[in-house]
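Student: Provided below for reference: sequence and predicted model.
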2 protein chains.
Amino acid sequence: MLLSGGLDSATTLFLAKEKGYECRPFIFDYGQRHRREIESARKIAQASGLACEIFKIRFPWKGSSLLDAALRLPKPAAGSRFKVQGSGIRAGIPSTYVPGRNIIFLSIALSYAEAIGAQAIFIGANAIDFSGYPDCRPLFYRAFRKMAGIGTKTGVEGRPIKISTPLINMTKAEIIRLGMKLGVPYRYTWSCYKGGRVPCNECDSCRLRAKGFEEIGIEDPLTNL
Amino acid sequence: MLLSGGLDSATTLFLAKEKGYECRPFIFDYGQRHRREIESARKIAQASGLACEIFKIRFPWKGSSLLDAALRLPKPAAGSRFKVQGSGIRAGIPSTYVPGRNIIFLSIALSYAEAIGAQAIFIGANAIDFSGYPDCRPLFYRAFRKMAGIGTKTGVEGRPIKISTPLINMTKAEIIRLGMKLGVPYRYTWSCYKGGRVPCNECDSCRLRAKGFEEIGIEDPLTNL
């Protein structure tokens, strides 16, 4: 169970538990500028009564504003070229894109899953209200599943590890509505890329989150931090 | 350029150089029991006049005799069920299989390649005289290429990173013959999984190497260590 500390993966974790899976939250410490999300992920795992695995990995190369604090995070668009209606997020792949990030995360999770004999990997990827990352689209997950089935022992032996993306076609509002039903402790989640003391309310991630809470008319528990 | 310190990747490096690529050898320090191959890889890179990148990663989970010295390496088969004619290697996926290893290596190399603007990743994978790893087969590389094209920015933008496996359909003898022509310093390479002072001459990797040198009637420079 890939757990980032954000809304989507927290909701996915509670959904997988609801479905009866015995979950192992798997958290990546990859030098993200919003390191605060690691603490959030840990709290969410704790709230769901599960011990978590933290995997540390460092990419010595740069090229992403999510890894390199010297680069600027994308600013909301002033004009009309919005990727997500009402979000202010510019079209195109943003500078927060980390080359191959989800491919690496899934690959390592796949190794872990195979080593411990897990049946499935859950990831909270979402392709509706999202920032436009290529590794968040259903097409990518289909291709990854196929590759993983061919390239692993379990796949070759006819017991491929399931790669589950239950939120892939949901809007942020739908995700939050589902999470409220499941009792996801959204007060522990963290979305802001800046990772300060309070959310910046400007980055893509803050804006998508705000849009979701607004649409269902619920106040974000992080509003009054 | 994924460089392990073995015969195949050394030959691939010299082949890529011959084709005119400006190569960056990329070495994984992943807790392999034959750590000695890292030093070999470094020497091979040096011999080809290239600085190398060493990427350290640790898998806290076990499940492979290549990571866990408490597990036994596969013994040569006494009977007739040989995977590779004349090699003594048992049929099936051996215990040296590391869950998802080449998937992880390629994913990280893909991230690096995209970050530095590389055109191609070279890997010395081989599916003829090989140990039966699922992630060494042409089918796997086809699926990985497709997934990588869909899941990366360069792929989406129409400049997918090439994933090149020039040795995939060659026998060990053909690989060594090619390497001799290219001037690969095989004296620096290391194949033995045990990683002792001298090769064990028993593990799959030693046996495949011996078979290759035997077939072309050349003495392995490691014979008189």
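Tutor: Thanks, I have the structure now.

Student: buried sites along the helix or strand where residue A:9 lies?
Tutor: Secondary structure from DSSP states H and E places residue A:9 in helix A:7-18. Applying a neighbour-count criterion of 16 or more other CB atoms under 10 Å in any protein chain shown, the buried positions in helix A:7-18 are A:7, A:8, A:9, A:10, A:11, A:12, A:13, A:14, A:15, A:16, A:17. From N, CA and C alone the C-beta is placed, and that goes for glycine too.

Student: could you pull up the residues touching the last one?
Tutor: In other words, residue A:17. A:23, A:48 (CB atoms under 8 Å, 6 or more residues apart in numbering or on different chains).

Student: again, 6 Å this time
Tutor: Each residue near residue A:17 by CB atoms under 6 Å, 6 or more residues apart in numbering or on different chains is listed here: residue A:23.

Student: not counting residues beside it along the chain, what's closest to residue A:129?
Tutor: Nearest in space to residue A:129, with sequence neighbours left out and distances taken as CB to CB, 6 or more residues apart in numbering or on different chains, is residue A:172 at 4.1 Å.

Student: could I get the average pLDDT for the helix ranked longest in chain A?
Tutor: Ordering each helix of chain A by length in residues (DSSP state H) puts helix A:101-116 first. In this model, helix A:101-116 has a mean pLDDT of 96.

Student: now stretch A:74-92
Tutor: 69.

Student: start and end of it, how far apart?
Tutor: For stretch A:74-92, the first-to-last residue distance is 11 Å (CA to CA, to the nearest Å).

Student: please apply the same query to stretch A:27-43.
Tutor: Counting by CA to CA, the length from the leading to the trailing residue of stretch A:27-43 is 11 Å.

Student: any part of that stretch near chain B?
Tutor: No - Stretch A:27-43 is not in contact with chain B by CB under 6 Å from any CB of the partner chain; minimum separation 10.5 Å.

Student: so what touches that stretch?
Tutor: The set of residues that contact stretch A:27-43 without belonging to it, under CB under 6 Å, 6+ apart, is A:3-5, A:52, A:54-58, A:66-67, A:69, A:105, A:188-190, A:193, A:195.

Student: just the buried ones from the residues you listed, in PyMOL syntax?
Tutor: Typed into PyMOL, the line below selects the buried ones among the contacts of stretch A:27-43, using 16+ other CB under 10 Å:
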select buried, chain A and resi 3+4+5+52+55+57+66+67+105+188+189+190+193+195
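
Student: the contacts of stretch A:27-43 also near chain B: which ones?
Tutor: Restricting these to contacts with chain B (CB under 6 Å from any CB) yields no residues.

Student: so which of the contacts of stretch A:27-43 sit within helices?
Tutor: Taking DSSP H, the ones among the contacts of stretch A:27-43 that sit in helices are residue A:105.

Student: so which strand or helix has residue A:205?
Tutor: Using DSSP H and E, residue A:205 sits in helix A:204-216.

Student: buried ones in that helix, by neighbour count?
Tutor: Neighbour counts over helix A:204-216 (16+ other CB under 10 Å) mark A:204, A:205, A:206, A:207, A:208, A:209, A:210, A:211, A:212, A:213, A:215 as buried.

Student: now the last one, nearest residue through space, not along the chain?
Tutor: Spelled out, it's residue A:215. residue A:173 (3.8 Å).
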